[in-house]
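> sequence plus the predicted model coming up.
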Amino acid sequence: MKAPTTSTLYGFLACIALVTSARAQTINETAKLLAADGATSDYFGNAVAIEGTTAVVAAPGDDDLGGNSGSVYLFDTATGIQTVKLLPLDGDVADSFGCSVAISGTTVLVGTFSDDDLGDGSGSAYLFDSTTGAQIAKLLAADGDANDMFGFSVALKGNTAVIGAPGDACGMFSCGSVYLFDTTTGSQIGKLVASDASANATFGWSVSTDGNSVLVGAPGDDAPAINSGSAYLFDLSSQTELFKLLPNNVASADMFGTSVAIDGSTALIGAPYNDDLGVNCGAAYTFDTGTGSQTSKLLSPDGATAIWFGYSVAVEGTAALIGAPLAIDNGTASGSAQLIDLTTGALITKLLPSDGAAGDFFSVGAAMDGTRVIGGAYFKDDLGSDSGAAYVFTLPAADCLSVFCDTDPNNIGDVTLNACSCIGGSLMLSLSTSFTGQFTCPLVGLGTAAVSPTGVSQLCLAGSTIGRYGKDAGAISSSGTFSMDLLNAASAPGGGVPTIGGSLCNGNTWRFQYWHRDGMNPSRFSKGVSATLN
């Protein structure tokens, strides 16, 4: 492979639309995260995840349970305060606990690809409760073996854990596989392999899941060229392969599939060693999950040799987050992350740490949830050489969104929308509130009259028919957040409007508000927002 390697244990470092070069705003972090007990060579920030106000940051070089045994930290992104440190009950020397992390609700999934329960490097994964830090279960492959690297990549959605094992032999060396587990029981419920499995394909190097889809990267795949890479889309329910995804102009050693992300109908796949703008400058591609067709190719507007654009990726609605850990904005290999509008290919903003420095490798790990983004810089030296750091950014809400009803102080809770264009196939309406555990769902309508039906807070959508996303209701998380995808709602399939009928994406200015049950009070409402959707 032409990709450079590092001396660390964790490396595995061991177009339709070119991103426009128009200058975009650069913003700095809202919180910098450091481990309370950080130390030299912890590599804190190697892997990151975020949901609501909970950030997950891995430190696979931590030595609490032996050299390079590893640990994972949880933070409140609103305050930047560390809340929990996760350690496995049976952690040991060189396990690299935290090589990969994911979070869904109050469950955290941690990969440990160097664990040796089933042989050297067989790997394992752990489930934790994010509120207590308690270990829930340890997951092992039913057919695990030495060098499988089970846990090298992980993804989590609801009660389904997706775990990559890119070293699994499956009849040939390192062809790779992916395992599915039920997090409520800890039981393995499936195993995915490529229909055209081949030696050294490293299928399972990266994984992502959303809805009923699982996306798997195989950067070592040699079809059509050596280490050109590929990705595969699977149906989660049937565990059948739907498409093999290949970019239109992939080349040898691009390692397409090094990173993958999926949201709604959009799959985003990184090829960090693509050479279009210079050796190892990198690229990322989007695909339509319904057809398997490539929809865009994204290149860094910074185009420069060896910045590894696409080493990490995340996608939500029409926004793509693409990491370039060797970008040179703050010095050689200081790193950057770029947020790109998938409808236009334009750079929305570039994310840079305020204290970025040469060799930090910022964005080696990156994740996004709503308007919050996290990026890891595992070579940061604040607490010792390569102790590591992570940075949280808060992005501006969609420009088309406005608050029209917030005068009643009892209307507690901010509502955001990640986009106002329906082209991306996903519109995430998110609530952030001081309440937790309450039963909630969004309301939609065209009315703007404010009434107080319960005397507790104002319903802002009176004056016309109100639609209720009742079938998408759920509990506000322990961090005070709740989100739902308006275009993939059970209450109104296909982007329809509950009760009212018709399509959300018809150019109307819709009003939204979250309702929730407030203890003995019959109901309470969030602030009201409006957005014109097309």
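In hand now; what should we look at? Only a predicted model underlies this, so the values are computations on that prediction, with no experimental measurement involved.
> isn't Asp76 up against Thr53?
Yes - in this structure, Asp76 is within contact of Thr53 by C-beta atoms under 8 Å, at 5.7 Å. Bear in mind the C-beta positions are built from the backbone N, C-alpha and C, glycine included.
> list the buried ones in the helix or strand containing Ala389?
When secondary structure is defined by DSSP states H and E, Ala389 falls within strand 389-394. For strand 389-394, the buried set under the neighbour-count rule, 16 or more other C-beta atoms under 10 Å, comprises 389-393.
> ditto for stretch 72-84
The neighbour-count criterion (16+ other C-beta under 10 Å) identifies 72-78, 82-84 as the buried residues of stretch 72-84.
> which members of those are the farthest-apart pair?
The most widely separated members of those are Val72 and Ala78, with 19.6 Å between them, by C-beta to C-beta.
> any low-confidence regions in the protein?
Using pLDDT under 70 as the threshold, the predicted model of the chain has low-confidence ranges 1-28, 396-399, 423-424, 520.
> and Gly164, bridged to which residues?
Ser153, Val178 (DSSP bridges).
> and it, what is it in contact with?
100, 149-154, 176-178, 203-207, 216 (C-beta atoms under 8 Å, 6 or more residues apart in numbering).
> for Tyr273, state which of the residues you listed is nearest.
Using C-beta to C-beta, Trp205 is the member of the contacts of Gly164 that sits closest to Tyr273, with 13.2 Å.
> what's the closest non-adjacent residue to the closest one?
Of all residues not flanking Trp205 in the chain, Pro166 sits nearest, at 4.5 Å (C-beta to C-beta, 6 or more residues apart in numbering).
> and if you look at Pro247?
The shortest distance from Pro247 to any residue that is not its chain neighbour, by C-beta to C-beta, 6+ apart, is 4.9 Å, and that residue is Tyr285.
> so what sits opposite the one you found in the bridge?
Under the criterion used here (DSSP bridges), Tyr285 is bridged to Ile269, Lys297.
> picking that back up, any chance of the buried residues of strand 389-394 in JSON lines, plus distance to Ala58?
As requested, the buried residues of strand 389-394 are arranged in JSON lines below (distance: C-beta to C-beta, whole Å):
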{"residue": "Ala389", "distance to Ala58": "13"}
{"residue": "Ala390", "distance to Ala58": "9"}
{"residue": "Tyr391", "distance to Ala58": "15"}
{"residue": "Val392", "distance to Ala58": "15"}
{"residue": "Phe393", "distance to Ala58": "19"}
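> sorry, back to before: quick one: whichever helix or strand comes after the strand holding Ala389 to chain centroid distance?
Toward the C-terminus, strand 389-394 is succeeded by strand 401-405 as the next helix or strand (DSSP H and E). Here the centre of mass of C-alpha atoms in strand 401-405, compared against the chain's by C-alpha atoms, centre = their mean, to the nearest Å, lies 27 Å away.
> show me what the next helix or strand after strand 401-405 is packed against.
Towards the C-terminus, the helix or strand next in line after strand 401-405, according to DSSP H and E, is strand 414-417. For strand 414-417, the packing partners by 3 or more C-beta pairs under 8 Å, 6 or more residues apart in numbering; DSSP states H and E come out as strand 428-432, strand 509-518, strand 528-532.
> most packed of these?
strand 428-432 (a mean of 23; mean count of other C-beta atoms under 10 Å).
> in stretch 301-314, what counts as buried?
With the criterion 16+ other C-beta under 10 Å, stretch 301-314 contains buried residues 301-304, 306-314.
> format those as TSV; extra columns: distance to Gly376 and secondary structure.
As requested, the buried residues of stretch 301-314 are exported to TSV (distance: C-beta to C-beta, whole Å; DSSP: H, G, I helix; E, B strand; the rest coil):
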residue	distance to Gly376	secondary structure
Pro301	23	coil
Asp302	20	coil
Gly303	24	coil
Ala304	21	coil
Ala306	19	coil
Ile307	16	coil
Trp308	14	coil
Phe309	16	strand
Gly310	16	coil
Tyr311	11	coil
Ser312	9	strand
Val313	14	strand
Ala314	12	strand
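> and the residue in the chain sticking out farthest from the centre, how far is that from Gly502?
Using C-alpha atoms, centre = their mean, the residue of the chain lying farthest from its centre is Gly455. It sits 39.5 Å away. Distance check for Gly455 against Gly502: by C-beta to C-beta, to the nearest Å, it reads 33 Å.
> ditto for Gly413
In this structure, Gly413 and Gly502 are separated by 27 Å, where distance is defined by C-beta to C-beta.
> neighbour count: those two, which is higher?
The residue with more neighbours, out of Gly413 and Gly502 and counting by other C-beta atoms under 10 Å, is Gly413; that gives 23 against 11.
> the more buried one: what's it in contact with?
Shown here is Gly413, whose contacts under the criterion C-beta under 8 Å, 6+ apart are 431-435, 514, 516, 525-527.
> tell me how far the strand holding Ala389 is from the chain's mean position?
On the basis of C-alpha atoms, centre = their mean, the separation between the geometric centre of strand 389-394 and that of its chain is 14 Å.
> kindly report the same for stretch 517-529.
In terms of C-alpha atoms, centre = their mean, the centre of stretch 517-529 is set 30 Å apart from its chain centre.
> contacts for that stretch next, please.
Contacts with stretch 517-529, where a contact means C-beta under 8 Å, 6+ apart, come from 401-406, 410-417, 431, 433, 435, 438-440, 450, 453-454, 456-461, 511-516.
> stretch 169-176 now?
Stretch 169-176 is contacted from outside by 145, 147-148, 164-168, 177, 193-194, 197-205, 218, 220, using C-beta under 8 Å, 6+ apart.
> same thing but at 6 Å, please
The set of residues that contact stretch 169-176 without belonging to it, under C-beta atoms under 6 Å, 6 or more residues apart in numbering, is 166-168, 177, 193, 197-204.
> end to end, how far does it reach?
6 Å (C-alpha to C-alpha, to the nearest Å).
> equivalent analysis for stretch 318-328, please.
By C-alpha to C-alpha, the extent of stretch 318-328 from end to end equals 27 Å.
> which residues touch the nearest residue to Gly331 once chain neighbours are set aside?
With C-beta to C-beta, 6+ apart as the criterion, Gly331 has its nearest non-adjacent residue at 3.0 Å, and that residue is Ala358. Ala358 makes contact with 331-332, 334 under the criterion C-beta under 6 Å, 6+ apart.
> repeat the analysis, applying 7 Å as the threshold.
By C-beta atoms under 7 Å, 6 or more residues apart in numbering, the contact set of Ala358 is 331-334.
> give me the buried subset of those residues.
When burial is judged by neighbour count using 16+ other C-beta under 10 Å, the buried members of those are 333-334.
> ok, Asn274 - contacts?
Contacts for Asn274 were tallied using C-beta under 7 Å, 6+ apart; they are 254, 281-283.
> the same query, at a cut-off of 6 Å, please.
Shown here is Asn274, whose contacts under the criterion C-beta under 6 Å, 6+ apart are 254, 282-283.
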